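Enquirer: Give me a 3D structure for the following:
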Amino acid sequence: MEELVSAKVTLTKLDNDLKQEKTNYSDLQKMMFEDRKIMAEVETEHQSHLVEQEQRHQEKVLYLLSQLQSKVKAEDESKAEETASQREEKLLERLRFQEEEIEKMKELSEQNQKLMEENDAYKQQLAMLQVASGKKMTSILSRIVEQSPDSSFEYVPPKPRNRRTLQLEPSIKS
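Expert: Down below sits the predicted model:
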């Protein structure tokens, strides 16, 4: 009779532990959902910021190029009699200016790449947290099952997560 009472007490304790772990598990899932939501918002803000920055830069480049073209046209019309060496100097100056603009574009591209790498790092950290929380729950449930071999509980493995494959944009080769 004592064994029966002891077994029932143990069963009740294990049931309570299981309920507590299920509650903890659902809390962890809620936290992960909130974290995913926050990460999605941050990623959206990041992408919109990058798009705005790129648009501003393109507008500046287009403005400068149009200014350069109009200046070149005006100079060509007014100074059709310039010597070849003077024309070469102006072409070199234009070339230097264009190289400077290309360097600025490269710097912006590198900044964009760094921000994308940071974003990928945050995604990896989130994935690691998700995997770690999943492993923790699995070990807790397996410990409970090992402690009561006569238990009628069956282990239900966690659902597999859908994994997204990230495709990196091809970098511009200069």
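Enquirer: Now do the lowest-mean-pLDDT helix or strand in the chain: which elements does it pack against?
Expert: Within the chain, no helix or strand scores below helix 84-147, which has a mean of 85 by mean pLDDT, DSSP states H and E. Under the contact criterion of 3 or more Cβ pairs under 8 Å, 6 or more residues apart in numbering; DSSP states H and E, helix 84-147 touches helix 2-78. No exception for glycine: its C-beta is placed from N, CA and C like everyone else's.
Enquirer: how near is the closest residue in space to Phe97 that isn't next to it in sequence to Arg94?
Expert: Distances taken as Cβ to Cβ, 6 or more residues apart in numbering put Leu68 closest to Phe97, at 7.0 Å, once the chain neighbours are dropped. Distance from Leu68 to Arg94, counting by Cβ to Cβ, to the nearest Å: 7 Å.
Enquirer: burial count for Lys90?
Expert: Applying other Cβ atoms under 10 Å, we find 16 residues neighbouring Lys90.
Enquirer: Identify the residues contacting it.
Expert: Applying Cβ atoms under 8 Å, 6 or more residues apart in numbering to Lys90 gives the contacts Glu75.
Enquirer: distance of it from Glu59?
Expert: Between Lys90 and Glu59 the distance is 26 Å, computed by Cβ to Cβ.
Enquirer: Give me the contact list for stretch 57-74.
Expert: With Cβ under 8 Å, 6+ apart, stretch 57-74 has contacts from 94, 97, 101, 104-105, 108.
Enquirer: From the centroid of the chain, which residue is nearest?
Expert: In the chain, the C-alpha nearest the mean C-alpha coordinate belongs to Asn119, at 3.0 Å (Cα atoms, centre = their mean).
Enquirer: close enough to count as contact, it and Glu43?
Expert: Yes. Counting by Cβ atoms under 8 Å, Glu43 is a contact partner of Asn119 at 6.2 Å.
Enquirer: so what pLDDT did Ile172 get?
Expert: Looking at Ile172, its pLDDT reads 57.
Enquirer: same thing with Phe33?
Expert: 96.
Enquirer: ok, now how distant is it from Pro160?
Expert: From Phe33 over to Pro160 the distance is 17 Å, taken as Cβ to Cβ.
Enquirer: Which one's more surrounded, these two?
Expert: Phe33 (10 against 6).
Enquirer: separation between the spatially closest residue to Glu101 that is not a sequence neighbour and Lys22?
Expert: Of all residues not flanking Glu101 in the chain, Val61 sits nearest, at 6.1 Å (Cβ to Cβ, 6+ apart). From Val61 across to Lys22, the span is 58 Å (Cβ to Cβ).
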